[in-house]
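Participant: Could you work out the structure for the sequence below:
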Amino acid sequence: MPVQLAIGTAKGLFLAHSENDRKTWTISGPHFPMTGVYGVCIDTRSATPRLMAGVSSSHYGPTVAYSDDLGETWQEPDRAPIAFPADTGATLDRVWQLSTDAEGRIYAGTQPSALFVSEDGGQTFDLVRALWDHPHREKWDAGFGGQAIHTILPHPSDPSSLTVAMSTGGVYRSTDQGASWTASNTGIQATFMPEPERFPEFGQCVHKVARDATDPSRMYAQNHHGVYRSDDGGSTWSSIADGLPSDFGFPIVAHPHRAEVVYNFPLTADAMRFPPEHRCRVYRSADAGRSWEALSSGLPEGPFYPAVLRDAMCADDADPAGIYFGTRSGEVYASRDEGDSWTQVAAHLPDVLCVRAAQV
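Facilitator: Numbers count the residues shown, from 1 in each chain. Sure, this is the predicted structure:
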């Protein structure tokens, strides 16, 4: 089947399309030129795929646009689809995350940290008040990239269960369709805190969370220093950083249909945001983080300095799965064999903020 790759950048959205099993790509764009596209979604739940993009314009402000013809044309709702109620005193800065669930809902994670939900295909979104009104919210701080919900993980079979993560604040879970929320950070360090306060209830700068393909109770987290796994739905976390050259980084990606397979792109440290040894390598674990292997066939061999951001790495839903990542220097790489080998899809793009891929 054809595969669509959506590449959100600091200066617009680029679309890459492959008709021949991801061997070659045609690229269009920029769509929404000179805007920041932090969140993209390829919704394949119906016969006609819908592309959605969280677009941040310095002139027109943030919005969510959608396309039902793979990016040939784009539409926006007549009114701003995401807006904070007046009584919150908050203003939408940008949309960081767009995610769908099996019940037909679309979720949006925003800056400032809030969760919105749409029941009408993205035409309108409602604020999830229980999370916004959570007593912890006033103490959620901004990470280096802003204060935002960047991870939304609906449970694949339990519509009452939903997990989100934010910087800073950490992981929060709901088991009652968003009516109440519990901080779920036990075992995750806040390395920037004084030693006696390294394991707070909340306040961790979690960079990204992914859910295992076959066991919904197993999740993986990349923290601001720390790589973790939870085997109990996020109630507790344990380190899986042994075997990685560094425990700092931004993305973590679970294989779409193979159990215990997870991908990571480490950086040296929070104050040294270059790949370890200045080498471009993706790390893959086939045993839920108990061991890791470096993948670099086809990737640049020389000194390599760019970082990969939290949403700039993804997998498609094909078999074998395609794995993708984009860099802050505008290169995009793809693997059509689950990471064993890589080819370059695009170069010289603006700063890559997010990538998403799916069979269409």
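Participant: so what's Ile7 up against?
Facilitator: Leu13, Phe14, Leu15, Ala16, Gly29, Gly326, Val332, Ala346, Leu349, Val352, Cys354, Val355 (C-beta atoms under 8 Å, 6 or more residues apart in numbering). For glycine as for every other residue, the C-beta is placed from the backbone atoms N, C-alpha and C.
Participant: Most neighbours among those, which one?
Facilitator: Greatest neighbour count in these, by other C-beta atoms under 10 Å, goes to Gly326: 30 neighbours.
Participant: Name all residues that make contact with that residue.
Facilitator: For Gly326, the contact set (C-beta under 8 Å, 6+ apart) comprises Ile7, Thr9, Val308, Ala312, Met313, Val332, Tyr333, Leu349, Val352, Cys354, Val355.
Participant: Tell me which entries of the residues you listed lie within strands.
Facilitator: Judged by DSSP state E, strands contain the following of the contacts of Gly326: Ile7, Thr9, Met313, Val332, Tyr333, Val352, Cys354, Val355.
Participant: In this structure Tyr263 contacts Arg284, no?
Facilitator: Yes - with contact defined as C-beta atoms under 8 Å, Tyr263 counts as touching Arg284 (5.4 Å).
Participant: what's the overlap in contacts for those two?
Facilitator: Both Tyr263 and Arg284 are contacted by Gly339, under the criterion C-beta under 8 Å, 6+ apart.
Participant: where exactly do the helices run in the stretch 1-150 of the chain?
Facilitator: Counting by DSSP state H, counting those that start in this stretch, the stretch 1-150 of the chain has helices at residues 129-132.
Participant: burial of the residue nearest to Gly12 when sequence neighbours are not counted, as a residue count?
Facilitator: Using C-beta to C-beta, 6 or more residues apart in numbering and skipping residues adjacent in sequence, the residue nearest Gly12 is Pro30, 3.0 Å away. Pro30 sits with 17 neighbouring residues when counted by other C-beta under 10 Å.
Participant: for Phe144, same thing?
Facilitator: Residues near Phe144, counting by other C-beta under 10 Å: 10.
Participant: give me phi/psi at it?
Facilitator: For Phe144, the backbone dihedrals (degrees, to the nearest 10) come out as phi -60, psi -30.
Participant: And the pLDDT for it?
Facilitator: Listed pLDDT for Phe144 reads 80.
Participant: again, but for Ala80
Facilitator: 85.
Participant: was I right about it contacting Tyr60?
Facilitator: No - counting by C-beta under 8 Å, Ala80 stays clear of Tyr60, with 9.9 Å between them.
Participant: neighbour count winner among those two?
Facilitator: Between Ala80 and Tyr60, counting by other C-beta under 10 Å, Ala80 is the more crowded of the two (15 against 12).
Participant: which regions of the stretch 1-150 of the chain sit below the pLDDT cut-off?
Facilitator: The model of the stretch 1-150 of the chain has no residue with pLDDT under 70.
Participant: which stretches of the stretch 201-350 of the chain form strands?
Facilitator: Using DSSP state E, counting those that start in this stretch, the strands of the stretch 201-350 of the chain run over residues 206-211, 219-223, 227-230, 238-239, 248-254, 262-267, 282-285, 293-295, 313-315, 323-326, 332-335, 343-346.
Participant: Dump those into TSV; add distance to Val3 as well.
Facilitator: Below are the strands of the stretch 201-350 of the chain laid out as TSV (distance: least, C-beta to C-beta, whole Å):
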stretch	distance to Val3
strand 206-211	20
strand 219-223	24
strand 227-230	28
strand 238-239	34
strand 248-254	16
strand 262-267	17
strand 282-285	19
strand 293-295	20
strand 313-315	11
strand 323-326	10
strand 332-335	9
strand 343-346	11
